[in-house]
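Would you be able to build a 3D model of this:
(chains A and B)
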Amino acid sequence: MRMGEQPSTTGESLLSVSDLRTRIETDRGTVRAVDGVSFAVDRGEAVCLVGESGSGKSVTCESLTGIVPQPPASIVGGSVTFDGVDLRDEATDLRSIRGARIGHVFQNPQHALDPVYSVGDQLVEAITAHGDVAKRAARERAVDLLRQVGIPRAEVRVDDYPHEFSGGMAQRVAIAIALAGDPDLLIADEPTTAVDVTVQARLIDLLRGLLDDGMALLLVTHDLRVVASLADRVLVMFGGQILERGPVDRLFERPAHPYTQALFDSYDGFEQLPDRPSRNELPADGCRFRAECPHAVEACSGGDQPPFHPVDGDTEHTASCVYYDEHREADAILDAGRAVRPAAEVDADD
Amino acid sequence: MTDESPSDRRDRGVSNTRTESEASRERSGRNEPATRRSDAAVERGDDRTIDRTGEPLLAVEALQTHYPITEGWLRREVGRVRAVDGVSFEIHEGETLGLVGESGSGKTTLAHSLLGLEERTDGTVRFDGERVSELSGADQRAFRRRVQLIVQDPNDAFNPRMQVGKAVAEPLALNGMDDADRRQAIVEDVLERVGLAAEDTDRYPHEFSDGEKQRLAIARALVVDPDLVVADEPTSALDARVQSDILALLDEVRREFDVSILCISHDIDVVRRFCDRVAVMYLGEIVERGATAEVLQRPAHPYTRVLLGSVPSLDPSDREFVRPLTDTIPDPADPPSGCRFHTRCPAVIGPEDADLSEETWERLAAFRFTVQVGELPERIEMDDPPDAATVHDAFDLPDNIRDDEVAAGVEDAVTALTEGDLDQAEERLAAVLPSVCEQQVPETVDVEGRPVTCHRYDTDIDAEPRPWCE
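Model prediction:
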């Protein structure tokens, strides 16, 4: 194992990802969209991948089951193990795993829905594709799934076409289709971004119920509020790499990496940070965030990604930042993290 | 920091151009913003002071915008979508008003009606004291210059084949500025003030990031020196940090350009950080409005509480939501009677004559309205009707209902459900569980100095406001 990576496999994990690397060819050169990402998701656990557009969080998810379009992308390294099966092995039939054991929900529900078939037909297809189910039973299950995701008058609406559903409703239908195969792992990419807060609350409740039933969730989002409401563990991603990881309560209590702090800061205050370089312009070595980091020093340049150091002695909450090296003083940065921590907002509101 | 990149330099454009901004103000012949302070002026804790005593910049009264629903080749009107249905509010000079509500509440229709992009059905809109519907000729052109729109997705706002300099200059040309050099000078100035570079005028929209495109959209709204900017979800297509930058820019803009802003947003964080006052809209009506801090800290209307209580807390240990009774937003063509929110209201008022505890009523109200809108629990299917015990369990019905008539009606409804007759169940529940909220249209009453439209605050109605504990 290289420096800078944390052991990710506990042996028991449903999904374990190690040193995953995906490149994308663009007209401006090769982008290292996923650049050495390692993590694990256990059964019944919700892991949130947080970051902005271009951070590589979606490509990470799409690389797991090989649905990332190849080309322009190519998965060039790393291992992905799901319930003991090597998903990177060419002999593995990924189609038998996608849908049946790993469900996907995408940000734009219209991508998941075929406009020329009723949602019922699409649900029945998803149900029968992954199990030996009679047509009639499959239709009943389709109605059940629609109810489960909160579609009113599901027994009528099952015959409607995708365009007859509003954005929030279509997203619920897309989730129902992802759940049709009764997956062990749901990968959801910004599932609540385009919906009203009331619908979002409803979907979060639904996902919590599925987690209680033992389903694992890998949730991609840029919304820290959604993370706080669902995650057990959080991975903060930037420039194709994970920069900070930890249990949700501790990471929200003391966001440690300067990038994580900048994310929290954007929920409050009006301090304007420099314009972001595009991801083609990010540093190619050392800390990818250093060009925007207010604390950057000489040590941030060169070599591999900084190793993950425990934050304040906490081995589960770690940051890939040279300041958390045991020989350095991280107090000043941690204090900056305290200033932006969400509790400040709670105090102010009461 | 590393070497200063062009984007770093570009970014500081906003704060470095105070002198240019003064020059521009002279150019536009505008006076310095009013500095008169009075007791009614709202102190914001920053350097902005809003005078709310004088004539408002924008005054909207009883505004209605309905869309006809037509049928057949004669296009006979068979109904109306009441997208905006009697809305009143004011925006004062320099003020930012937030408009919040779910999709379908009529926020965007309202904005478009103000701008004249949708035809108003009724009501008046006064801008700077003048009735907008009576403007014509030069006055109408002036109104169109003084009120500008920023749309949600900047990708929709630009022609991909037009250089951005031209696109930003377009409103100037439309407003009769024929001197191309002068247009160019103004565009370059404005681009720098929104954090872009004067050289950017020759580039095409695809060369910009989404955040930069939104800056361009803001620049295009600002070139004609408007007094009111209507921003429809200006940041919701953007990442958190870019969103923060754009809000910071708009904050800068409203100080420097002294504009009022109507900011439509479903994002409470945007409203909290950016808006002086907020109006909450539901199914075409404003149900509550007031100073942002007051509305967010002590929301009065049950709908405002549902909206705020649906926003996840940033504290991972606080994962409770305030949920509506039902999730279905009713059809604006056929809004519920009485208070339009009553089918979803967690604080819907119980029947006056029935002897029910508050807790019993809450569970029965949930039963009644879930049946009415058809949001049945998973186990309840009308094709394969459940037994009575399953109905009791699935709807969490109370065991001992004190009031005999209500108890009998609820049992009838349960029986109807076991027979697969949803309509009968709905009818029986409506008969024994009436609510003033469905029978009477609520009056707008004053709650701590802000207008709230809810029966619970009406002293003539026998119901107390619920406490708010967030």
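
Who are the contact partners of the closest residue to B:Glu378 other than its chain neighbours?
Nearest non-adjacent residue to B:Glu378, counting by C-beta to C-beta, 6 or more residues apart in numbering or on different chains: A:Arg147, 4.8 Å away. (Each C-beta comes from the backbone N, C-alpha and C, glycine too.) A:Arg147 makes contact with A:154, B:376-378, according to C-beta atoms under 8 Å, 6 or more residues apart in numbering or on different chains.

List just the nearest of these to B:Pro160.
A:Ala154 (41.4 Å; C-beta to C-beta).

quick one on the thing from earlier: let's see which of the contacts of A:Arg147 end up in strands.
Using DSSP state E to define strands, no part of the contacts of A:Arg147 is located there.

quick one: which two of those are the most distant?
Maximum distance among the contacts of A:Arg147 (C-beta to C-beta): 11.1 Å, for A:Ala154 and B:Pro377.

who has more neighbours, those two?
Comparing A:Ala154 with B:Pro377 by neighbour count (other C-beta atoms under 10 Å in any protein chain shown), the higher total belongs to A:Ala154, at 24 against 16.

so what are the domain limits for chain B?
B:58-297, B:358-434 (automatic domain parsing).

What are the boundaries of the strands in the stretch 1-150 of chain A?
According to DSSP state E, counting those that start in this stretch, the stretch 1-150 of chain A carries its strands in the segments A:15-26, A:29-41, A:46-50, A:73-82, A:85-86, A:102-105.

got these as a markdown table, with distance to chain B columns?
Below are the strands of the stretch 1-150 of chain A laid out as a markdown table (distance: least, C-beta to the nearest C-beta, whole Å):
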| stretch | distance to chain B |
| --- | --- |
| strand A:15-26 | 13 |
| strand A:29-41 | 15 |
| strand A:46-50 | 10 |
| strand A:73-82 | 21 |
| strand A:85-86 | 32 |
| strand A:102-105 | 18 |
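
can I get these in TSV with mean pLDDT?
Shown next, in TSV, are the strands of the stretch 1-150 of chain A (pLDDT from 0 to 100):
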stretch	mean pLDDT
strand A:15-26	90
strand A:29-41	90
strand A:46-50	95
strand A:73-82	87
strand A:85-86	86
strand A:102-105	89
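
Now tabulate those in CSV and tack on mean neighbour count.
Formatted as CSV, the strands of the stretch 1-150 of chain A follow (neighbours: other C-beta atoms under 10 Å in any protein chain shown):
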stretch, mean neighbour count
strand A:15-26, 20
strand A:29-41, 21
strand A:46-50, 25
strand A:73-82, 17
strand A:85-86, 13
strand A:102-105, 24
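
Make a markdown table out of those strands and add distance to B:Pro226.
Output for the strands of the stretch 1-150 of chain A, formatted as a markdown table (distance: least, C-beta to C-beta, whole Å):
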| stretch | distance to B:Pro226 |
| --- | --- |
| strand A:15-26 | 38 |
| strand A:29-41 | 40 |
| strand A:46-50 | 37 |
| strand A:73-82 | 44 |
| strand A:85-86 | 60 |
| strand A:102-105 | 41 |
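
closest to A:Ser229 out of these?
Closest among the strands of the stretch 1-150 of chain A, using C-beta to C-beta: strand A:46-50, at 9.9 Å.

Can you show me the CA trace of the closest one as PDB?
Written as PDB, here are the backbone C-alpha positions of strand A:46-50 (Å, rounded to 0.1, in the frame of the first residue of the first chain):
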ATOM      1  CA  ALA A  46     -24.600   5.200   4.600                       C
ATOM      2  CA  VAL A  47     -21.400   6.600   3.200                       C
ATOM      3  CA  CYS A  48     -21.500  10.100   1.700                       C
ATOM      4  CA  LEU A  49     -19.100  11.300  -1.000                       C
ATOM      5  CA  VAL A  50     -19.100  15.100  -0.700                       C
END
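
Report the beta-bridge partners for the residue nearest to A:Leu218 when sequence neighbours are not counted.
Nearest residue to A:Leu218 in three dimensions, chain neighbours excluded: A:Ile187, at 4.7 Å (C-beta to C-beta, 6+ apart). Per DSSP bridges, the residues bridged to A:Ile187 are A:His104, A:Leu218.

For A:Ile187, give its distance to chain B.
According to C-beta to the nearest C-beta, to the nearest Å, A:Ile187 and chain B sit 20 Å apart.

which residues does that residue contact?
A:Ile187 touches A:61, A:64-65, A:102-105, A:218, A:220, counting by C-beta under 8 Å, 6+ apart.

Kindly recompute the last result at 10 Å.
Taking C-beta atoms under 10 Å, 6 or more residues apart in numbering or on different chains, we find A:Ile187 in contact with A:15, A:41, A:49, A:58, A:60-62, A:64-65, A:67, A:98, A:102-106, A:178, A:216-220.

Tell me how many other residues surround the residue of the stretch 1-150 of chain A found nearest chain B.
Of the residues in the stretch 1-150 of chain A, the one nearest chain B is A:Glu52, at a distance of 4.0 Å by C-beta to the nearest C-beta. By other C-beta under 10 Å, 20 other residues sit near A:Glu52.

That one: what's it in contact with?
Applying C-beta under 10 Å, 6+ apart, the residues near A:Glu52 are A:222, A:237-238, A:259, A:263, A:266, A:276, A:279, B:238-243.

Then B:Gly211?
So B:Gly211 contacts A:275-276, B:154, B:195, B:235, B:237-239, B:241-246, B:249 (C-beta under 10 Å, 6+ apart).

The residue positioned nearest the centre of chain B bridge partners, please.
With distances taken as C-alpha atoms, centre = their mean, the residue of chain B nearest its centroid is B:Val100 (2.5 Å). Beta-bridge pairing of B:Val100 under DSSP bridges involves B:Val280.

Check whether it really touches B:Val295, as I assumed.
Yes. Between B:Val100 and B:Val295 there is a contact at 9.2 Å, judged by C-beta atoms under 10 Å.

intersection of neighbour lists for the two?
In contact with both B:Val100 and B:Val295: B:271, B:275, B:278-280, B:288, B:304, B:308, using C-beta under 10 Å, 6+ apart.

which one of those residues is nearest B:Ile218?
Using C-beta to C-beta, these come closest to B:Ile218 at B:Cys275, 16.7 Å.

The stretch 201-350 of chain A: helices as residue ranges?
Assignment of helices within the stretch 201-350 of chain A using DSSP state H, counting those that start in this stretch yields the ranges A:224-230, A:248-253, A:258-265, A:331-340, A:343-349.

do the same with the stretch 201-350 of chain B
B:210-222, B:240-256, B:268-274, B:292-297, B:302-309.

Might you report the residue contacts of B:Leu222?
B:24, B:148, B:150, B:168, B:171, B:186, B:189-191, B:193-194, B:229, B:253, B:256-257, B:259.

switch the cut-off to 8 Å
Taking C-beta under 8 Å, 6+ apart as the test, what B:Leu222 contacts is B:148, B:190, B:193-194, B:229, B:253, B:257, B:259.

Where is pLDDT lowest across those?
Among the contacts of B:Leu222, B:Phe257 carries the weakest pLDDT, at 82.

and it, how many neighbours does it have?
21.

now swap in B:Asp251 and tell me
The tally of other residues near B:Asp251 (other C-beta under 10 Å) stands at 18.

Pretty sure B:Val447 sits against B:Ala300.
Yes. Because the distance of 4.6 Å satisfies C-beta atoms under 8 Å, B:Val447 is recorded as touching B:Ala300.

the more surrounded of those two?
Legend: neighbour count by other C-beta under 10 Å for B:Val447 and B:Ala300, higher for B:Ala300 (26 against 19).

how about low-confidence regions in the chain?
No chain was given, so I picked chain A. A:1-11, A:268-280, A:337-350 (pLDDT under 70).

To clarify, I was referring to chain B.
For chain B, the stretches with pLDDT under 70 are B:1-48, B:470.

Just give me the longest strand of it.
Ranked by residue count and defined by DSSP E, the top strand of chain B is strand B:76-91.
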